[in-house]
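Asks: Structure for this input, please:
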Amino acid sequence: MPIYEFYCAGCNTIFSFFSRTVNTQKCPDCPRCKGKLERRMSVFACTGKAKEEGGMAKPPIDENTMEKAMQMLTSEADRLNENDPKQAANLMRKLSEMTGIQLGPSMKEALKRMEAGEDPEKIESEMGDALESEEPLQLPEAMATGGKAKRPAPYRDETLYDL
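Replies: Sure thing, here's the model as predicted:
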């Protein structure tokens, strides 16, 4: 029995809905303002600052795109030679291209160095602080605003509604 999350732009609020069956099509109206809700990625799929700030105003990619990207990632990761940094960098670039999520400047530099055959551990030791201080994956609008959200983090309604 899944729980789905939806975002209301009018209320800037995330709502959780319980469903007795898997239902990826139904999109309820906002319990508060009766506006149209947008399905969003669950918190477990968000990382870094997005998670710390309570989520994002919009999901970074739609569910179908995410599913295709995860299938590709799983398929290619099985064939990945962990001793070849070029393969790992290539996989990361493919994931970025498929989802539209852009790489931060330090991540781009690290991948460029991996593609040149440098040892990932050496890159990590030299670039660790820079990589930790920025979001490695960014939505295009976050890059335009310097990584800052355009509106405050959404409120999370703790009520579990029926879908």
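Asks: and the top strand by length along the chain, which residues are buried?
Replies: Using DSSP state E, we find that the single longest strand of the chain is strand 155-162. Neighbour counts over strand 155-162 (16 or more other Cβ atoms under 10 Å) mark Asp157 as buried. To be clear about C-beta, it is placed using only N, CA and C from the backbone, and glycine gets the same treatment.
Asks: And stretch 118-128, by the same measure?
Replies: Those would be 118, 123, for stretch 118-128 by 16+ other Cβ under 10 Å.
Asks: Show the subsequent helix or strand relative to the lowest-mean-pLDDT helix or strand in the chain.
Replies: Least confident element among the helices and strands of the chain, by mean pLDDT, DSSP states H and E: helix 48-52 (a mean of 43). Next along the chain after helix 48-52, taking DSSP states H and E as the criterion, comes helix 63-78.
Asks: State the mean pLDDT of that following helix.
Replies: Confidence for helix 63-78, expressed as mean pLDDT, is 73.
Asks: ok, now stretch 120-133?
Replies: So the average pLDDT for stretch 120-133 ends up being 82.
Asks: show me where the protein has strands.
Replies: 3-8, 13-18, 38-40, 102-103, 137-138, 155-162.
Asks: still on that earlier bit, what's the angle between the longest strand of the chain and strand 13-18?
Replies: Interaxial angle, strand 155-162 versus strand 13-18 (axes from the mean of the first three to the mean of the last three Cα atoms, to 10 degrees): 20 degrees.
Asks: Partner strands of strand 155-162, with direction?
Replies: According to DSSP bridges, strand 155-162 forms sheet pairs with strand 13-18 (parallel).
Asks: any weak-confidence spans in the chain?
Replies: Applying pLDDT under 70 to the chain flags residues 1, 23, 41-64, 66, 135-151.
Asks: can I see the domain layout of this structure?
Replies: As assigned by automatic domain parsing, the chain contains the domains 3-60+150-162, 63-138.
Asks: start to end distance for the shortest one?
Replies: Going back to what we said before, that points to domain 3-60+150-162. 9 Å (Cα to Cα, to the nearest Å).
Asks: from memory Ile3 sits against Val22, does it?
Replies: No. Shown here, Ile3 and Val22 do not form a contact pair, counting by Cβ atoms under 8 Å, at 11.3 Å.
Asks: Compare these two (neighbour count), which wins?
Replies: More crowded of Ile3 and Val22, by other Cβ atoms under 10 Å: Ile3, with 12 against 9.
Asks: Look up how far Leu160 lies from the nearest residue to Arg93 once chain neighbours are set aside.
Replies: The shortest distance from Arg93 to any non-neighbouring residue, by Cβ to Cβ, 6 or more residues apart in numbering, is to Leu111 (6.4 Å). According to Cβ to Cβ, to the nearest Å, Leu111 and Leu160 sit 41 Å apart.
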